[in-house]
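1. Here is a sequence with its predicted model. Questions after.
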Amino acid sequence: MHRRALVVGLGIAGMSAAIGLRQAGWQPVIVERAPQRRTGGYFVGLMPEGRQAAADLGIASHLHTRNPPGGGKAWSLTRRGAREPGLGFLHQPGDPAAVVRGDIEAALWQGLHEDETGIDLRFATKPVEIDDTGTDVRVLLEDAGGWYRESFDLVVGADGLRSSVRRTVFGPHEHYMTDWAAMICAFQLQEQVPSFARADSIISARAGRGALVFGFADRPPTALLTYRTEDVEKQFTGSRLDRLRAAFSGMDDPVVRHALDALEQAPEFLFDSVHQVKMPRWSRGRVVLVGDAAWCLNLYSGMGATFALLGGAELGRALRDNPGDLSAALAAWESRLRPSVTRHQRLARVKRQLFVPSNRPAEAVRSVVVRLAAAARERRSAKGRAAQASPS
Ligand SMILES: Cc1cc2nc3c(=O)[nH]c(=O)nc-3n(C[C@H](O)[C@H](O)[C@H](O)COP(=O)(O)OP(=O)(O)OC[C@H]3O[C@@H](n4cnc5c(N)ncnc54)[C@H](O)[C@@H]3O)c2cc1C
C-alpha cells in the first residue's frame, strides 16, 4: 500500500513536493486554503538549480519562459531621471529563465495531472490541528462543510512565509521570521514605462527606496516597489497606495510615476513586509516544512522559487534513496539543502543593496558597481559580436 502524505499549500513548493513524493511512490493529498488555483504573479528569475529541479520533476518541457533576446536591455535611472545602461536580473551568470510565478505553477499543475492515478486535491481546505503520534500524523481538516479527521504518514508544510503548519508544530512566527524592516509591492503593468522598449528592464534605486520594472519577451512587464521602514506595522494601516506614495514622495522619476499610477488601476497586487525564515531544523518527527515556510530566502535573494522547486525534487529523491526510513530520508534531505540555503540567506543581505540601498553612501557605491559591471558586460558582448563577425 502507498504511504500517504498531506501536502499543505498549492504553491511552487507544495506542487513540487507532491510530484517528488509521487516519484518516490507516495500518495500525496494536497490541501489549499484558497478556493481555486491562482495564476499570474510577478517576475521570477529561475536559476540553473531551479531549471534542473524542474527537469528532475519532469516538468521542464511544460515551463513557458519569456526571456527577451540576449537578456534584454537594462537601464538604471540617475537621480535626475536620466537613463544609463544598467544590469538586469537576467544578466546574472547562469542564464536565468524569465517567468512569472504563475508560469512555474502552471507547469507544475500540468505535471501533477499527468499521472493516470490522478491527484487528491482539496481547495478551500486547511489543517486546524496536527497531532504526530509517532506512528502517524492525525490531522483535523476544515473545509466549507465543517471539520473532519484524517491520518497520514507524513505532513509537508508548504504553506508559505506565514506557515500555519510551522506555527502549529514548531512555534510562533516570531521565533523564526526575521524582520528586514522593509516592504514590497509587486504587480503587473498594463504597459511599459513611456519611451522604453517593451522588453526593457529598468531600475531606479535611491537610499531606502527602489522601483524596478522587469521586461519580458511576450507580455507586459511587472513592477516591484520596495522601501525600508522602521515601522513595519504602520505600513499595514490605511490605504496601501497612500503608504507607497508617502514612501516614494520626492522620487519623481518616470519609473516611480508610471508604477504608482499603474498601481491605482491594478486589479491585484502583492503588498507585504520582508522577512527571512530561519529554523534550526526543518522537520520534527513526521512533519516537514519546505519552501518559504521552512527557509524563506526573500525576494532580494532571487532564489526562493528555485529553492521551492529544489526542495520538492530533493525531498522525493531522499525518500526514494531511503525507502522505509523516514527520519533518515528527512535528515539526508536537510543536510543536502541546508548549506546552499544558508549561503543564499547571507547573500540576500548583500543583494538587497542592489534593490534598495541602505543610505546615500551605499547608493553611490551601488551606482559605481552597476556602471562598471554594465560596461564590462558591454565590452564582453562587443567582443562576442566581433568574433562572430570575423570567424577565422
Ligand atoms: C516580489 C517577489 C519577487 C520574487 N522574485 C523571485 C525571483 O526572481 N526568483 C526566485 O527564485 N524567487 C523569487 N521570489 C520568491 C518566490 O516567489 C517564493 O519563494 C516562492 O514562490 C515560494 O513558494 P512557496 O510555495 O514556498 O510559498 P507560497 O507561494 O506562499 O505558497 C503557499 C501556498 O500555501 C497556501 N496556504 C497558506 N496557508 C495555508 C493553510 N493554512 N492551509 C492551506 N493552504 C495554505 C497559500 O494559499 C499558497 O497557495 C520572489 C518573491 C516575491 C514576493
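-> Yep, it's here. If you're wondering where the values come from, they're calculated on a predicted model, not measured in any experiment.

2. For the stretch 251-392 of the chain, what lies in contact range of the ligand?
-> Within reach of the ligand by C-beta under 6 Å from any ligand atom, the stretch 251-392 of the chain has these residues: 270, 291-293, 299, 302-306, 308. (C-beta placed from N, C-alpha, C; glycine too.)

3. List the contacts of Gly40.
-> 100-102, 188, 268 (C-beta atoms under 8 Å, 6 or more residues apart in numbering).

4. Please repeat the previous calculation with a cut-off of 10 Å.
-> Gly40 makes contacts with 100-103, 105, 187-188, 219, 222, 267-268, as judged by C-beta atoms under 10 Å, 6 or more residues apart in numbering.

5. Look at the residue in the stretch 101-250 of the chain that the ligand sits nearest to and tell me its secondary structure.
-> Going by C-beta to the nearest ligand atom, the ligand is nearest to Gly160 of the stretch 101-250 of the chain, at 2.6 Å. Three-state secondary structure (criterion: DSSP: H, G, I helix; E, B strand; the rest coil) places Gly160 in coil.

6. Excluding chain neighbours, what is closest to it?
-> Nearest residue to Gly160, sequence neighbours excluded (C-beta to C-beta, 6 or more residues apart in numbering): Asp292, at 4.8 Å.

7. wait, doesn't that neighbour sit right on Asp272?
-> No - here Asp292 does not reach Asp272: they are 11.2 Å apart, not a contact under C-beta atoms under 10 Å.

8. between the two, which one's more packed in?
-> Taking neighbours as other C-beta atoms under 10 Å, Asp292 and Asp272 compare with Asp292 leading, 28 against 15.

9. thinking again about what came up before, overlap of the contact sets of Asp292 and Asp272?
-> Shared contacts of Asp292 and Asp272, defined by C-beta under 10 Å, 6+ apart, are found at 161-162.

10. and the longest strand for the protein?
-> Secondary structure of the chain per DSSP state E: the longest strand is strand 177-188.

11. Going by contacts, tell me the helices and strands next to the helix or strand following it.
-> Under the assignment DSSP states H and E, the closest C-terminal helix or strand after strand 177-188 is strand 201-206. With contacts taken as 3 or more C-beta pairs under 10 Å, 6 or more residues apart in numbering; DSSP states H and E, strand 201-206 sits against strand 74-77, strand 209-214, strand 222-228, helix 254-265, helix 326-355, helix 360-389.

12. For Leu90, list the residues it contacts.
-> Shown in contact with Leu90 (C-beta under 10 Å, 6+ apart): 43, 45, 67-68, 70-72, 74, 96-98, 201, 214-216.

13. Selecting buried members of these in PyMOL, what would you type?
-> Selection of buried members from the contacts of Leu90 for PyMOL, criterion 16 or more other C-beta atoms under 10 Å:
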select buried, resi 43+45+67+68+71+72+74+96+97+98+201+214+215+216
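
14. If we check the ligand, which of the contacts of Leu90 are in contact?
-> Gly45.

15. Which one of the contacts of Leu90 is nearest to Asp115?
-> Comparing those against Asp115 with C-beta to C-beta picks out Ala97 as the nearest, at 24.7 Å.

16. buried ones in the lowest-mean-pLDDT helix or strand in the chain?
-> Between all helices and strands in the chain, the lowest mean by mean pLDDT, DSSP states H and E belongs to helix 360-389, at a mean of 88. By neighbour count on 16+ other C-beta under 10 Å, the buried set for helix 360-389 is 362-363, 366-367, 370, 374, 377.

17. Break this protein into its domains for me.
-> According to automatic domain parsing, the chain comprises the domains 4-40+101-177+276-352, 71-96+180-274+358-387.

18. for the ones you listed, which one ends up most surrounded?
-> Counting by mean count of other C-beta atoms under 10 Å, domain 4-40+101-177+276-352 has the highest mean neighbour count of the domains of the chain, with a mean of 20.

19. got a list of what the residue nearest to Gly160 touches?
-> If you count contacts by C-beta under 10 Å, 6+ apart, then Asp292 has 9, 11-13, 158-163, 166, 275-277, 298, 304-305, 307-308, 311 around it.

20. likewise His173?
-> Residues in contact with His173, defined by C-beta under 10 Å, 6+ apart, are 161-164, 166-167, 275, 277.

21. Distance of it relative to Ala293?
-> His173 is 11 Å from Ala293, where distance means C-beta to C-beta, to the nearest Å.

22. Same check on Val369?
-> For Val369, the distance to Ala293 - C-beta to C-beta - is 34 Å.

23. Check Thr168 too.
-> For Thr168 relative to Ala293 (C-beta to C-beta), the value is 11 Å.

24. cool, and Asp56?
-> 21 Å.

25. now swap in Gly81 and tell me
-> For Gly81 relative to Ala293 (C-beta to C-beta), the value is 40 Å.

26. repeat for Tyr300
-> Between Tyr300 and Ala293 the distance is 19 Å, computed by C-beta to C-beta.

27. Equivalent analysis for Met47, please.
-> 20 Å.

28. swap in Ser381?
-> 40 Å.

29. now Phe89
-> According to C-beta to C-beta, Phe89 stands 24 Å off from Ala293.

30. Where does pLDDT dip in the chain?
-> 1, 391-392 (pLDDT under 70).

31. let's go with 90 and repeat that
-> 1-2, 40, 69-72, 80-81, 87-89, 91-95, 114-118, 252, 376-392 (pLDDT under 90).
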